[in-house]
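1. got a predicted structure plus its sequence, pasted below:
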Amino acid sequence: MRQTYLVCYDISDDKRLRKVFQIMRGWGDHLQYSVFECQFTEMDLVKCRAELSEVIHHEEDQVLFVCLGPAEGRGDRVITALGKPYTNVDAPCIVV
């Protein structure tokens, strides 16, 4: 089953930023600067994370994977990170 993900990234080096952008263009729809919407199977998610993991610097860069639930509907939101750990922001956030 495919799940819908928002993939958002903060890359500190321009060369790596371009590489990450090119990788993500192959996986999903470019929504905004460093934000993509992707429809992943479990295997797709593993492959995408592996590709990105080879490019990013894990101490400097961050890629967030926000699961929005099944592609045909919405489920619970789960946020995982690759690289720097995700930290919850106390300010209210609205996703449109």
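-> Structure's in. What do you need? Numbering: from 1, shown residues only.
2. roughly how far is the helix ranked longest in the chain from the heart of the chain?
-> Longest helix in the chain by number of residues, with DSSP state H as the criterion: helix 42-55. Remark: helix 42-55 is offset 10 Å from the chain centroid, using C-alpha atoms, centre = their mean, to the nearest Å.
3. that helix packs against which elements?
-> Counting contacts by 3 or more C-beta pairs under 8 Å, 6 or more residues apart in numbering; DSSP states H and E, helix 42-55 is packed against strand 3-10, helix 14-25, strand 35-40, strand 62-70, strand 78-83. Any C-beta I mention is one placed from the backbone N, CA and C, and that applies to glycine too.
4. low-confidence ranges, the protein, go.
-> Scanning the chain for pLDDT under 70 picks out 73-79, 86-96.
5. mind doing that once more with 90?
-> Applying pLDDT under 90 to the chain picks out residues 1, 31-33, 68-96.
6. I'd guessed residue 29 sits against residue 36; true?
-> Yes: contact criterion C-beta atoms under 8 Å: residue 29 and residue 36 qualify, at 6.4 Å.
7. these two: which is more packed in?
-> With neighbours defined as other C-beta atoms under 10 Å, residue 29 and residue 36 compare such that residue 36 has more, 21 against 11.
8. look up the closest residue to the more buried one, ignoring the ones flanking it.
-> In this structure, residue 36 finds its nearest non-sequential neighbour in residue 28, 4.1 Å apart by C-beta to C-beta, 6 or more residues apart in numbering.
9. so what's that neighbour bridging to?
-> residue 38 (DSSP bridges).
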